[in-house]
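S.K.: sequence and predicted structure below; questions after.
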Amino acid sequence: MEYIKRAIEDIALNSDKSFKSVLITGARQTGKTEMIKKIFPKKKYVLIDDPFIEDQANNNPNMFMMLNKPPVIYDEVQRAPGLFRYIKIACDETKDKGLFCLSGSQPFELMEKASESLSGRVGIIELLPLSQREIDRIDFNAPFLPTMEYVQKRQESAKAPEDLWVRIHRGGYPELQDPDVDWGVFFSSYVKTYLERDVRKLSAVQDLNDFRRFMVAVAARTGQMLNYSNIADEIGKDQTTVKAWMSILEASGIIYLLEPYTPSVLKKAIKTPKVYFRDTGLAAYLTRWLTPDTLANGAMSGSFFETFVISEILKSYSNKGIDYRYCVSYYRGRDKKKVRKDGKEYEVESEIDLIIEENGILYPIEIKQSISVTADETSAFLVLDKVEEKKRGCGAIICNCPQPGMLRENILQIPVWYI
């Protein structure tokens with residue numbers, strides 16, 4: 001299959017020139033190895049996943065380092081944690097940059113080891129599944145913001161997919177961009193490998209079938225507020241176990257927890273995070289939506305559409321080397337607002353699906369899978385005006401509308417493929 005250029009390649013190359021080590025993290029099958037080999041063709045490549053090499057690296061790291069001197073790539077480096085000490089020593093012995101490129105499939109463990117041993121010596125890069133921009137071979141790399149300036153720049157390269165739900169169902173793992181790769185077989189193998197290698201490594205899970213049922217329960221709640229008690233009751237485990245297992249999914253790059261926006265002035269704000277699967281294809285496989293059509297017309301279509309949008313926005317920041325964890329949140333409050341549906345009036349809690357903060361400005365976003373939307377659906381945005389130390393910026397509804405447009409002053413409608 002043809003190699004798909006990754007948006008973060010320039011960040012990785014610049015980090016290699018600026019730091020003595022570069023650490024590429026990310027979940028399994030996000031394309032770390034392919035990218036590293038492509039952008040660092042002159043570095044020696046060493047796969048520590050090989051049993052012989054792993055044994056050598058763990059039992060005689062000094063000799064291993066002598067045989068595999070920099071500039072070098074150590075792939076699956078988490079399998080030889082003792083190497084980090086020797087990498088630190090090698091970094092301290094020279095002022096040269098670009099000595100080591102480290103990679104692996106257990107982001108939490110790698111980040112922990114790098115923070116302990118290589119602080120100030122390593123540039124850390126997160127590689128997520130392919131974005132729609134990457135799949136469409138679009139070079140546009142600005143982080144998403146719901147502003148007219150962004151829309152005007154993006155429209156030069158924006159391209160509507162032939163079938164968005166095929167994209168959502170297929171997911172963003174590079175191998176699945178080959179139409180000859182069977183979707184079910186790929187994810188069956190993916191889940192089996194993840195459970196047997198990453199889960200066993202990160203925890204003391206006794207029964208992997210229990211953890212598999214837990215993954216299915218979480219996938220069925222993608223796009224929802226996290227309720228540990230509800231999940232615990234469904235799988236027959238206690239909340240302490242569920243919280244520990246949720247940490248494993250987050251640490252290994254399977255899910256993302258979107259934190260709530262809770263400034264002190266918004267006293268009615270709910271303080272529970274929302275859970276999102278990083279890849280909609282994996283979530284669809286676990287919840288047994290076996291075709292794009294059944295997913296698009298099923299009960300979870302709204303949750304999957306929201307998960308897809310959130311994921312694409314996060315990728316637009318990560319691929320620019322920006323730590324999005326400090327600039328995205330959502331709001332849900334117990335202050336009621338009135339809405340009309342099917343000719344009837346209801347009271348519902350106020351909610352803003354996503355808030356992006358930049359330079360003291362809050363950009364609110366609503367996510368709807370419908371084609372036609374109205375400005376009335378953004379009434380919750382006004383709650384941000386209560387935050388005196390911040391300014392409410394332009395807001396938007398991301399939806400399936402055919403073209404971007406202005407719903408009212410400071411409120412846009414933006415097609416999902418403009419992300």
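M.R.: Looks like it arrived, so ask away.
S.K.: from now on I want contacts and neighbour counts done on CA atoms only, so please keep to that.
M.R.: Fine.
S.K.: OK, contacts around the closest residue to A219 other than its chain neighbours?
M.R.: The shortest distance from A219 to any non-neighbouring residue, by CA to CA, 6 or more residues apart in numbering, is to A283 (5.1 Å). For A283, the contacting residues are V216, A219, A220, T222, F277, by CA atoms under 8 Å, 6 or more residues apart in numbering.
S.K.: any of those residues buried? List them.
M.R.: V216, A219, A220, T222, F277 (16 or more other CA atoms under 10 Å).
S.K.: secondary structure added to the residues you listed, as a markdown table?
M.R.: Output for these, formatted as a markdown table (DSSP: H, G, I helix; E, B strand; the rest coil):
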| residue | secondary structure |
| --- | --- |
| V216 | helix |
| A219 | helix |
| A220 | coil |
| T222 | coil |
| F277 | strand |
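S.K.: for those, which one is nearest T240?
M.R.: Lowest distance from T240 to these (CA to CA) belongs to V216, with 18.2 Å.
S.K.: show me where the stretch 301-419 of the chain has its strands.
M.R.: 328-341, 344-358, 361-367, 391-392, 395-399, 405-408, 411-415 (DSSP state E, counting those that start in this stretch).
S.K.: same question but for the stretch 101-250 of the chain, I mixed them up
M.R.: Remark: strands assigned in the stretch 101-250 of the chain by DSSP E, counting those that start in this stretch are 122-126, 224-225.
S.K.: would a markdown table of those with mean neighbour count, mean pLDDT and distance to Q413 be doable?
M.R.: Shown next, in a markdown table, are the strands of the stretch 101-250 of the chain (neighbours: other CA atoms under 10 Å; pLDDT from 0 to 100; distance: least, CA to CA, whole Å):
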| stretch | mean neighbour count | mean pLDDT | distance to Q413 |
| --- | --- | --- | --- |
| strand 122-126 | 23 | 88 | 30 |
| strand 224-225 | 18 | 96 | 23 |
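S.K.: quick one, which of the ones you listed is nearest to V199?
M.R.: strand 122-126 (19.8 Å).
S.K.: okay, now the sheet partners of the closest one, with direction.
M.R.: Sheet pairing of strand 122-126 (DSSP bridges) gives strand 21-25 (parallel).
S.K.: ok, and what's touching the strand it pairs with?
M.R.: With contacts defined as CA under 8 Å, 6+ apart, strand 21-25 is touched by 12, 15-16, 32, 91, 97-107, 110, 114, 121-127.
S.K.: re the thing from before, can I get the strands of the stretch 101-250 of the chain in JSON lines with distance to W417?
M.R.: Converted to JSON lines, the strands of the stretch 101-250 of the chain look like this (distance: least, CA to CA, whole Å):
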{"stretch": "strand 122-126", "distance to W417": "23"}
{"stretch": "strand 224-225", "distance to W417": "23"}
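S.K.: mind exporting the C-alpha coordinates of stretch 375-388 to CSV?
M.R.: What follows is stretch 375-388, C-alpha atoms only, in CSV (Å, rounded to 0.1, in the frame of the first residue of the first chain):
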residue,chain,number,x,y,z
ALA,A,375,-28.9,29.5,15.5
ASP,A,376,-31.4,28.7,18.3
GLU,A,377,-29.5,25.5,18.9
THR,A,378,-26.6,27.5,20.2
SER,A,379,-28.5,29.3,23.0
ALA,A,380,-26.2,27.6,25.6
PHE,A,381,-23.3,29.6,24.2
LEU,A,382,-24.5,32.6,26.2
VAL,A,383,-23.5,31.0,29.5
LEU,A,384,-19.9,31.8,28.6
ASP,A,385,-20.6,35.5,28.9
LYS,A,386,-20.7,35.1,32.7
VAL,A,387,-17.0,34.3,32.7
GLU,A,388,-15.7,37.8,33.1
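S.K.: give me the mean pLDDT for it.
M.R.: Here stretch 375-388 scores 92 as its mean pLDDT.
S.K.: likewise stretch 141-150?
M.R.: Averaging pLDDT along stretch 141-150 gives 96.
S.K.: mind checking the longest helix of this protein?
M.R.: Longest helix of the chain, by residue count under DSSP state H: helix 301-318.
S.K.: now that one: mean pLDDT?
M.R.: For helix 301-318, the mean confidence score works out to 97.
S.K.: ok, now stretch 400-413?
M.R.: Across stretch 400-413, the average pLDDT comes to 95.
S.K.: list the buried ones in that stretch?
M.R.: Across stretch 400-413, burial judged by 16+ other CA under 10 Å covers N400, C401, P404, L407, I411, L412, Q413.
S.K.: how about residues contacting it?
M.R.: Contacts of stretch 400-413 (CA under 8 Å, 6+ apart): 146-148, 151, 368-375, 393-399, 414-416.
S.K.: for E149, give me its contacts.
M.R.: By CA under 8 Å, 6+ apart, E149 lies in contact with nothing.
S.K.: I'd like to know how many residues surround V265.
M.R.: Counted with other CA atoms under 10 Å, residues neighbouring V265 total 11.
S.K.: quick one: what helix or strand has it in it?
M.R.: V265 is part of no helix or strand when elements are defined by DSSP states H and E.
S.K.: name the nearest residue to it, ignoring sequence neighbours.
M.R.: V387 (6.4 Å).
S.K.: gap between E250 and Q155?
M.R.: Note on E250: its distance to Q155, by CA to CA, to the nearest Å, is 34 Å.
S.K.: with D210 instead?
M.R.: 46 Å.
S.K.: mean confidence score for stretch 37-49?
M.R.: On average, stretch 37-49 scores 94.
S.K.: quick one: buried residues of it?
M.R.: Neighbour-count burial for stretch 37-49 flags F40, K43, K44, Y45, V46, L47, I48, D49 (criterion: 16+ other CA under 10 Å).
S.K.: I figured the fourth one hits Y74, correct?
M.R.: Okay, so that is Y45. Yes - using CA atoms under 8 Å, Y45 is in contact with Y74, at 6.6 Å.
S.K.: give me the neighbour count for the residue nearest to R28 when sequence neighbours are not counted.
M.R.: Among residues not flanking R28 along the chain, S105 sits closest, at 5.2 Å (CA to CA, 6+ apart). Look at S105: counted by other CA under 10 Å, it has 25 neighbours.
S.K.: what of A284?
M.R.: 25.
S.K.: next, the contact list for it, please.
M.R.: A284 sits next to H169, A219, L290, L295 when contact means CA under 8 Å, 6+ apart.
S.K.: for the most centrally placed residue in the chain, which non-adjacent residue is closest in space?
M.R.: Residue closest to the average C-alpha location in the chain (CA atoms, centre = their mean): R278, at 4.5 Å. The shortest distance from R278 to any residue other than its chain neighbours is 5.1 Å, reached at I255 (CA to CA, 6+ apart).
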